[in-house]
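> Quick one: sequence plus predicted model below, questions after.
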Amino acid sequence: VQLQASGGGLVQPGDSLRLSCAVSGRTFSRYAMGWFRQAPGKEREFVAAIAGWGDGTTHYADSVKGRFTTSRDIAKNTVYLQMNSLKPEDTAVYYCAGGSSWSLRIGNYDYWGQGTLVTVSS
């Protein structure tokens with residue numbers, strides 16, 4: 001399984017951005033997919049996740065709840081992170097990850113994308 005994240009860029013506070021994570025492999029729908037981020041000088045942290053096996057339940061960190069939405073398109077083997085009302089503190093490298101079940105824990109995910117940089121600045 002390979003993951004390819006894209007969609008990062010430089011935006012202003014209050015703007016929106018959508019990240020994509022393309023997943024190779026025919027068992028895409030089976031995996032829980034997570035989004036994590038790592039700001040400069042900080043540890044990687046959980047952002048959002050969507051359960052696998054057709055469940056589709058979503059989970060969010062408190063810091064992004066109400067602003068970010070994750071979803072998946074099984075036909076396109078792609079998971080998305082829609083980010084609205086972006087703040088400077090959202091600046092980070094964002095990673096997508098796949099695992100057998102969703103979790104807040106980094107170690108629960110077996111597959112990782114390469115990361116895409118999101119910079120929120122005026």
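Right, received. Where do you want to start? Residues are numbered from 1 along each chain as shown.
> Quick check: the gap between residue 20 and residue 13.
Using C-beta to C-beta, to the nearest Å, residue 20 is found at 22 Å from residue 13. Every C-beta, even on glycine, is put in place using the N, C-alpha and C of the backbone.
> Which one's more surrounded, those two?
Between residue 20 and residue 13, residue 20 has the larger neighbour count (other C-beta atoms under 10 Å), namely 18 against 13.
> and the strand or helix carrying that one, C-alpha only, in PDB?
Using DSSP states H and E, residue 20 sits in strand 17-23. Extracted C-alpha coordinates of strand 17-23, given in PDB (Å, rounded to 0.1, in the frame of the first residue of the first chain):
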ATOM      1  CA  LEU A  17      -7.700  24.200   1.700                       C
ATOM      2  CA  ARG A  18      -8.400  20.600   0.700                       C
ATOM      3  CA  LEU A  19      -5.700  18.000   1.100                       C
ATOM      4  CA  SER A  20      -5.900  14.700  -0.800                       C
ATOM      5  CA  CYS A  21      -4.300  11.400  -0.100                       C
ATOM      6  CA  ALA A  22      -4.300   8.900  -3.000                       C
ATOM      7  CA  VAL A  23      -4.000   5.300  -1.900                       C
END
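> residues of that strand that come out buried?
Across strand 17-23, burial judged by 16 or more other C-beta atoms under 10 Å covers 17, 19, 20, 21, 22, 23.
> in its sheet, what does it sit against?
Partner strands and pairing direction for strand 17-23 (DSSP bridges) are strand 3-6 (antiparallel), strand 78-83 (antiparallel).
> Pick the most deeply packed of those strands.
Across these, averaging neighbours per residue (mean count of other C-beta atoms under 10 Å) puts strand 78-83 on top, at a mean of 23.
> From the chain's centroid, how far away is that strand?
Chain-centre distance of strand 78-83: 6 Å, with C-alpha atoms, centre = their mean, to the nearest Å.
> what's the angle from the helix or strand following it to strand 78-83?
Next along the chain after strand 78-83, taking DSSP H and E as the criterion, comes strand 92-99. Counting by axes from the mean of the first three to the mean of the last three C-alpha atoms, to 10 degrees, strand 92-99 lies at 140 degrees to strand 78-83.
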